[in-house]
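Peer 1: compute the structure for the input listed below.
(chains A and B)
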Amino acid sequence: MKYYLNHLEELESESIFILREVAAQFENPVILFSGGKDSILMVYLAIKAFHPARVPFPLLHIDTGHNFPETLEYRDWLVNHYNLRMNVGSVQKAIDEGKIKEEKGFNASRNNLQTYVLLDELEKGKYDAALGGGRRDEEKARAKERFFSHRDEFGQWDPKNQRPELWNLFNGRKHFGEHFRVFPISNWTELDVWRYLAVEEFPLPNLYFAHMRKVFERDGVLLPDCEYITRRPDEMVKEELIRCRTIGDMTCTGVWRSSASTIEDIIQEVAVSRLTERGGRADDKRSETSMEDRKKQGYF
Amino acid sequence: MKQQNLITTDKYIELLRFTTAGSVDDGKSTLIGRLLYDSKSIFQDQYDAIEEVSKRRGEEGVNFALLTDGLKAEREQGITIDVAYRYFTTPKRKFIIADTPGHIQYTRNMVTGASTANVALVLIDARQGVLEQTRRHAIIASLLQIPHLVICINKMDLVDYSQEIYDRIHDEFEAFAGKLDVHDVSFIPISALRGDNVVDRSPNMPWYEGSTLLYYLENVHIASDYNFIDCRFPVQYVVRPYTDEYHDYRGYAGRIAGGIFKKGDEVMLLPSGFTTKISKIETYDGELEEAFPPMSVTMHIEDDFDVSRGDMIVRVNNVPRQDQDVDLMICWFNERPLRENGKYLLRHTTKEARCIIREVRYRMDVNTLHRDVASKQINMNDIARITIRSTVPLFVDAYNKNRITGSVILIDEGTNETVAAGMVI
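Peer 2: This is a model prediction of the structure:
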C-alpha cells in the first residue's frame, strides 16, 4: 500500500474539500456553468463530493444567445443524466427588454453584457456563493485569486482587499447583500484538467474534438462562420479540420486547426503547445489588463 | 479516482508546494521566471508579450519578472503586493509556487504562502550576504514548520562565482539557523539571471558538488510531510441523500487530517466520547480499505450516534488535547490592532467557535527572535504569543505535530475579516 496521492488525486481531494466547505458554510450556493471543460469538471467533482446524495446546488447558465448549439445540447444532457437542477439567465431577453445595449461593429461580442445578466441573476436567486471554474494558471490576474473570493454588495472584486487564506481554513463569513465567488479548481492547470478527465473517462462536448467546420481568419485567429458575426468583405470562409480549446461564445471563441480526435490526442497537443489556451480568446486581446478590468466589474 | 492508465501520465507524479520569499532586488521574480522558462512552462504568447513590454520600456533583454507581477497596480509600481500562485510541471512533479513579497509590511503574505508549503526557498544576494530580511524569512519558515528550507545564494555571476563568498554566507547562515526549529536546510549557489544551477548545472562553479535547484525540487522527500501516526478526521459535512434507495444513509464526509484509518478500526467520537467502529470508508469511486491524509472520503460508523460538522473522529487510544484554554503563536493580519480581552470568532479544522484573547504573553521580533514581554500592542504583521479561551473545548494537537489540527484563524465578528493566523503550542 502506498501512502501518498499522485498530483491528480491530491487536486481532486482538495477540490472536493472546497465544494463540501461551500455546502457547509453557505445557505444558497450556485454553480456557474459555462459549458466549457472547467465548469464540466467542477460539476463532476460536485457529483463526487456529495455522492450518493444529489448535488446540493443548482447550475446557473448565462445564455448569451451566441452559444454553439453543441454546448446547449451537452448542457441539457448533463443536467438530465445526473439529475441536476439548472437555471438559465438570458442575455437576449435583457437586450429585448432594453436593459442592456448590444455592441456594434465587426468585433461586437456579448461577453461584457454577460456580466450584467450574471449579477442580475445572482441577485434574483439570492445566491450567496457562486462557484466558478476559474483556474489560476489561466491569466495573470487570476494568479492572485483566492479559493473564497469576497465580493461587495455590487459584486465587485477588490484585489487589495482579499482575505488571507491559510492551511485548509476558509472564511466564508459575509454581511447581508455580499456574496462570494468560489473557485474549487484554482490549482489545476489546463493539462491537469485534461489528464483527469481522460483518466475518469468523462464524456465531453464534441466541440473539443477535431471536426470539419466553416471558419474564417481575423487578426490571426480562426473564428467559426456563423450568423452572429459580420464578416469583412475580404474575410473568406473555408472549411477546415478544427477543434475548440476553450468554449465560449461563437463570436469570440477562436478555434484551432487540429486533428486531435481523442482525449489522448488532445493531451499530446496541449503538452507540446506553445500558446496558452486563452491565446485564442478575442475578449482577452482588447488590452493588456482586460481580464483584471472585467473581474473588478464582476465577471466570472 | 480510477486506476490511472498510462496514456495520461507517464507515472505517478507528486504535487510539491513551495514558497519563495525575497525582496524585489533579490531576483526572486527572475528566478521564478527562469524556472518557468527553462522547464518550458512559459507559453510562446506569454513570452512574446513580456518581450514586447521589456522592449517598450527600453530594458536590456527579457525581463522575466514581468511574468509574475500580476496586477496592474503592481506593474505600475514595480512591486509585488500579494501572494501569487504559479504552476509548472516536469516529468517528475507538479509544482505550485506561492510567490510572496519580502518586505516587513508583507510578513502576513509570507505567512499565508508558507502555511501550505513543503519547501521554502530563501534568496540571498551574494553581494549582500545574510540580511535582516533573510533572517526574517527563515524565522517565518521555521515558525510555520515548513519541512524543508533551501537557501539560494543568488547573483553568483556578480561575485565572479567565488567559492569563498559562498562559503562565508553558508557559514553565517548556518550559525544563525542553529537557533531555529528547522530540520532540513540545503544551500545552492545560483545565478537566476544567467541560469547557473537553476535547471542546468553551472560550468562556472565546478567547486559546487550539490544538485541544481530543479533537481532538488524534483527529488526532495515529501511523502512523510503529513502526520501518518495520529488519526484525526474532522467531520466536514454530513451526507444524507433522503431518497428511497438510500433511506437510512448517513455518511460523514471530510478530509483526513492525520493518521491511517482502516475499516473496522475502533474509534472515538469527539466531543461525545462515545466509541464505535468504522463500518465503511467510501468515495464516489467505491469502498476503501484504508484512508490517509490528505484524502477526502466519506466515513460510516457502526452505531447510530449523532455526529455533525465540527466533531472529530479519532482512535480510542490516541486522542488530541481537549481544552478551552489554548496557547498560540499568531501572526496579526489586520490594520486594526489586537484587542486584549477582545472577543473573536475562531476557526479550527471544521469547527467554528467564539473565543476571547485573555493574554498577550510577548511580541516576537521577527528579525532577531527577541521576545518582548513589555510590548502588549500587537499590530499588523506582528508575531506574538497569546493565550485564548474558547467557548467550547477544541480538539487540538501541537502545530509541530500536525499542521492541520494545530492551526486556527481568528475572525473579527464586526468586519468578518480574517485578522490572525494561529499555531497551537
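
Peer 1: the residue nearest to the spatial centre of chain B and residue B:17, how far apart?
Peer 2: Centroid-nearest residue in chain B, with CA atoms, centre = their mean: residue B:116, separated by 2.1 Å. Note on residue B:116: its distance to residue B:17, by CB to CB, to the nearest Å, is 5 Å. Glycine gets a C-beta too; all of them are placed from N, C-alpha and C.

Peer 1: who touches both of those two?
Peer 2: Common contact partners of residue B:116 and residue B:17 (CB atoms under 8 Å, 6 or more residues apart in numbering or on different chains): residue B:98.

Peer 1: how about the helices in chain A?
Peer 2: For chain A, the helices defined by DSSP state H cover A:7-25, A:37-50, A:69-81, A:91-96, A:111-124, A:190-200, A:263-272, A:290-297.

Peer 1: between the second one and helix A:69-81, how many degrees?
Peer 2: Spelled out, that is helix A:37-50. 0 degrees (axes from the mean of the first three to the mean of the last three CA atoms, to 10 degrees).

Peer 1: between the two ends of stretch B:93-110, what distance do you get?
Peer 2: One end of stretch B:93-110 sits 23 Å from the other (CA to CA, to the nearest Å).

Peer 1: which residues of the stretch 201-300 of chain A score low on pLDDT?
Peer 2: A:273-300 (pLDDT under 70).

Peer 1: so where's chain B shaky on pLDDT?
Peer 2: B:1-11, B:22-25, B:43, B:60-61, B:65, B:67-81, B:102-105.

Peer 1: returning to what we had before: wait, the residue nearest to the centre of chain B touches residue B:98, no?
Peer 2: Yes. With contact defined as CB atoms under 8 Å, residue B:116 counts as touching residue B:98 (7.2 Å).

Peer 1: okay, and the common contacts of those two?
Peer 2: Contacts common to residue B:116 and residue B:98, judged by CB under 8 Å, 6+ apart, are residue B:17.

Peer 1: return the set of buried residues in the strand or helix carrying residue B:385.
Peer 2: Element membership of residue B:385 [criterion: DSSP states H and E] is strand B:383-396. Within strand B:383-396, the residues scored as buried using 16 or more other CB atoms under 10 Å in any protein chain shown are B:383, B:384, B:385, B:386, B:388, B:390, B:393, B:394, B:395, B:396.

Peer 1: before we move on, what about stretch A:72-92?
Peer 2: Neighbour counts using 16+ other CB under 10 Å place A:74, A:75, A:78, A:79, A:84, A:86, A:89, A:90, A:91 of stretch A:72-92 among the buried residues.

Peer 1: could you identify the most distant pair in the residues you listed?
Peer 2: Farthest-apart pair in these is A:84 and A:91; separation 21.9 Å (CB to CB).

Peer 1: what residues are up against residue B:327?
Peer 2: B:361, B:385, B:386, B:387, B:424, B:425.

Peer 1: where does the residue nearest to the second one when sequence neighbours are not counted sit: helix, strand or coil?
Peer 2: If I follow you right, that is residue B:385. Spatial nearest neighbour of residue B:385, excluding adjacent residues (CB to CB, 6 or more residues apart in numbering or on different chains): residue B:361 at 4.3 Å. Using DSSP: H, G, I helix; E, B strand; the rest coil, the secondary structure recorded for residue B:361 is strand.

Peer 1: could you measure residue B:361 against chain A, distance?
Peer 2: Using CB to the nearest CB, to the nearest Å, one obtains 21 Å as the distance from residue B:361 to chain A.

Peer 1: give me the number of residues near residue B:333?
Peer 2: 24 (other CB atoms under 10 Å in any protein chain shown).
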